[in-house]
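[1] Sequence plus the predicted model coming up.
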Amino acid sequence: MLSYRHAFHAGNFADVLKHTVLVHCLRYLGQKDKAFCYIDTHAGPGDYTLTSDYAQQNREFDDGIGRLWQGSNYPACITDYVQLIKQYNTSPTLTHYPGSPWFARTLLRPQDRLCLYELHPTEQRILQKTTSKDRRITVYPDDGLKLAYGLLPPHERRGLVLIDPSYELKTDYGQVVDTLVKMHKRFATGTYALWYPVVSRRRNQLLERALQRTGIADMHLFELAVKPDSETPGMTACGMIVINPPWTLAANMAEAVPWLAQMLGDEGTGGYRVEVLAGA
């Protein structure tokens, strides 16, 4: 959707969960010397100024990264994530939040590649400007949900795909399943990280069942809720469904997600799910 701008939501609780999982997966892939490819289907501009009009409108970051900024005694994977955010900011004050392209660019090695899709023309230009001097990076001005499967399998034969649509269209729920099936057929050993919002529990249940019916194995779910499910408009929770996750991810998230639910939950109403949707 060309109307969607992630800057309104930068640094919120959904970004905290998504980027914690992303950082862990990238760190794990980087443990072997062999190169890998990172594909982002909805990259965004890669940089968000939290003092901008967009971010200030709802200040969602206050209840996300803002609650963690001055904290301590984090679970290990949260420590890694927060330290990267502090590295991104040039002062002790939280003024900027990085998008997924920055995390990938920071954690990938010289031998690795980044393939970034972004459809919004304004965000394309920002992304192109900030990445143009990095030969590892290719920016595609297209819809990654429809076209990224064409890059698979990568010649490195190792890779991570982040699928992160806005879900402003209800058809996105079905399309992410179709996209994952196409991708998995081409590159069955790749790691796939699918982000989803919870605005209607029924819709999410249908998504999970559709993914289970694909027959794809080794599928894990990590969900963070900041308030109970509700029939009123608005996102109450979000999650990451990871296919072929690093073997270390489940244990780390089993510690991190309950901690995040306690820290980011609205007046003690946070919750979480850590489940296996399909065994290995």
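    Ah, there it is.
[2] host element of the closest residue in space to residue 165 that isn't next to it in sequence?
    Closest residue in space to residue 165, ignoring its immediate chain neighbours: residue 172 at 4.7 Å, by C-beta to C-beta, 6 or more residues apart in numbering. Heads up, the C-betas are built off the backbone N, CA and C, glycines and all. Per DSSP states H and E, residue 172 falls inside helix 171-186.
[3] now for the next helix or strand after that helix, which elements pack on it?
    For helix 171-186, the following helix or strand on the C-terminal side (DSSP H and E) is strand 191-198. Packing contacts for strand 191-198, counted by 3 or more C-beta pairs under 8 Å, 6 or more residues apart in numbering; DSSP states H and E, involve helix 13-29, strand 159-163, helix 171-186, helix 201-213, strand 237-243.
[4] re earlier: any idea of the mean pLDDT for the helix holding residue 172?
    Across helix 171-186, pLDDT averages out at 97.
[5] go on, stretch 223-243?
    Mean predicted lDDT for stretch 223-243 stands at 94.
[6] Okay, now that stretch: how far is its last residue from its first?
    15 Å (C-alpha to C-alpha, to the nearest Å).
[7] Now do the buried residues in it.
    223-226, 235-243 (16 or more other C-beta atoms under 10 Å).
[8] how about stretch 59-69 as CSV, C-alpha atoms only?
    C-alpha atoms of stretch 59-69 as CSV (Å, rounded to 0.1, in the frame of the first residue of the first chain):
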residue,chain,number,x,y,z
ARG,A,59,4.7,8.6,19.9
GLU,A,60,4.4,4.8,19.8
PHE,A,61,8.1,4.5,20.5
ASP,A,62,7.4,5.6,24.1
ASP,A,63,5.8,2.3,24.8
GLY,A,64,8.3,0.3,22.8
ILE,A,65,12.0,1.1,22.6
GLY,A,66,11.5,4.0,24.9
ARG,A,67,10.7,1.7,27.9
LEU,A,68,13.9,-0.2,27.3
TRP,A,69,16.2,2.7,26.6
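[9] what does that stretch rub up against?
    Counting by C-beta atoms under 8 Å, 6 or more residues apart in numbering, the neighbours of stretch 59-69 from elsewhere in the structure are 8-16, 50, 55, 74, 78, 82, 85, 94, 97, 226, 263-264, 266.
[10] shaky segments in this protein?
    1-5 (pLDDT under 70).
[11] Strands of that one, residue ranges please.
    37-40, 47-49, 96-98, 113-117, 137-140, 159-163, 191-198, 219-225, 237-243, 271-278 (DSSP state E).
[12] can I get those strands in TSV with distance to residue 147?
    Converted to TSV, the strands of the chain look like this (distance: least, C-beta to C-beta, whole Å):
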stretch	distance to residue 147
strand 37-40	11
strand 47-49	24
strand 96-98	25
strand 113-117	7
strand 137-140	7
strand 159-163	12
strand 191-198	16
strand 219-225	23
strand 237-243	19
strand 271-278	26
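[13] just so I know, which of those lies nearest residue 124?
    Closest approach to residue 124 among the strands of the chain (C-beta to C-beta): strand 137-140, 6.9 Å.
[14] list the helices and strands the closest one packs on?
    strand 113-117, helix 121-131.
[15] Figure out how far the last one is from the centre of its chain.
    Going back to what we said before, that points to helix 121-131. Chain-centre distance of helix 121-131: 19 Å, with C-alpha atoms, centre = their mean, to the nearest Å.
[16] what do you get for stretch 69-86?
    17 Å.
[17] next one: stretch 54-68
    When distances are taken as C-alpha atoms, centre = their mean, stretch 54-68 is centred 17 Å away from the chain's centroid.
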